[in-house]
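In: quick one: sequence and predicted model below, then my questions.
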Amino acid sequence: MVELAPHPTTEESDKEIMALGFAGDTFNTAVYMARTGVQTDYVTLLGDDPYSEKIFDLANKEHIGTDMMERMPGRQPGMYLIRNAPDGEREFYYWRKEARARELFADKAHTEKLTQQLNKCDYVYLSGITLAIISDHSRFVLLRFLKEYRKQGGKVCFDINYRPRLWDFDQDKAQYVMAEVMENTDMALLTLDDEEMLWGDGSIAATIERYEHCHIKELVLKRGADEVVIYTDGVKMSVPVAKVDGVVDTTGAGDSFNAGYMSARVQGCSHEQAALHGIHVASIIIRNRGAIVKNRNFNELYRGLKA
Ligand code: ADP
């Protein structure tokens, strides 16, 4: 999506000056997957406007494969605006109706081409935000694809990323769809806050128990500054989150953690090493403003962390 974020000079001006950028939950994850050394492709639909072009250019600059990023004449990308509220919190306002990405898995010919391309990938990562914005029919097609893909050996990674407003506050529907996808997931990267909001879970044990029947090989629970919990093969382990000084903006913390975790796992690391890597990557993002940290700033801190 196109992102408009408050520009630092705003405070000295009577006008609200905004900085133009590009971000979005799965895109953020793709950026950090690529930056941490994993060959990554992004799937979306864009328009033929100059801002779609810029998103395309950004993906190229970040070494993200763009073969599955289709540009079609007509609409434009979605947009969101970040506002610094008077109480210091950040508020997000979305304009998503325009987003061409809402039409993913809608067109038969395009879907056939896309699924062929996806079948060549070892892993597919998706989020509940994508599920929320596409139509019922597209969700059905996507789910059918995930089932086939797994039968052929592909691995599905999923972050529920529950946003009630995107589901028109229809919690039952969100529960139904998320549960269906969880039943077809190999690696679940969840946030305890989302689970509490979506299911009313009161504890980590309740979340783990609810997904027991899904036989998810790897269930990872993020809990902000609290330790990360991993449940795998019936065993629960906790990985402490190191204290981070100078947290300025937690936007993208979960997305970047997911990237760090998955990147380490696909490169052969253990669950614990992967969680530590995810925690390291997220710690860089929360010490900088915005979901996508400048490459130079990221690399300096990433190298420092790896040393
Ligand atoms: P989300 O952004 O999806 O809500 P979380 O808030 O749980 O996800 O954060 C994801 C990860 O980011 C955490 O597991 C942790 O590694 C890191 N993180 C988030 N907030 C903090 C914090 N205040 N201090 C240290 N690490 C944090």
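Out: That came in fine, so what should we check first? All figures in this text were calculated on a predicted structure; none of them were measured in a lab. Numbers count the residues shown, from 1 in each chain.
In: next, the contact list for the residue of the chain found nearest the ligand, please.
Out: Closest approach of the chain to the ligand (C-beta to the nearest ligand atom) occurs at Gly254, with a separation of 2.1 Å. (Each C-beta comes from the backbone N, C-alpha and C, glycine too.) Listed by C-beta atoms under 8 Å, 6 or more residues apart in numbering, the contact set of Gly254 reads 25, 159, 161, 189, 191, 222, 282.
In: so can I have JSON lines of these showing secondary structure?
Out: Listed next are those as JSON lines, based on DSSP: H, G, I helix; E, B strand; the rest coil:
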{"residue": "Asp25", "secondary structure": "helix"}
{"residue": "Asp159", "secondary structure": "strand"}
{"residue": "Asn161", "secondary structure": "coil"}
{"residue": "Leu189", "secondary structure": "strand"}
{"residue": "Thr191", "secondary structure": "strand"}
{"residue": "Lys222", "secondary structure": "strand"}
{"residue": "Ala282", "secondary structure": "helix"}
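In: re earlier: mind checking the SS state of the residue of the chain closest to the ligand?
Out: Using three-state DSSP, the secondary structure recorded for Gly254 is helix.
In: so where's this structure uncertain?
Out: 9-13, 88, 305-307 (pLDDT under 70).
In: tell me the residues of the stretch 101-250 of the chain that contact the ligand?
Out: Within the stretch 101-250 of the chain, the positions lying close to the ligand (C-beta under 6 Å from any ligand atom) are 191, 193, 222-225, 228, 241, 244, 247, 250.
In: where along the stretch 201-307 of the chain do the strands fall?
Out: Defined through DSSP state E, counting those that start in this stretch, the strands belonging to the stretch 201-307 of the chain, from first to last, are 218-223, 226-232, 235-239.
In: report the buried members of the residues of the stretch 101-250 of the chain next to the ligand.
Out: With neighbours counted using 16 or more other C-beta atoms under 10 Å, these contain these buried positions: 191, 222, 228, 241.
In: that concludes my questions; thank you for your assistance.
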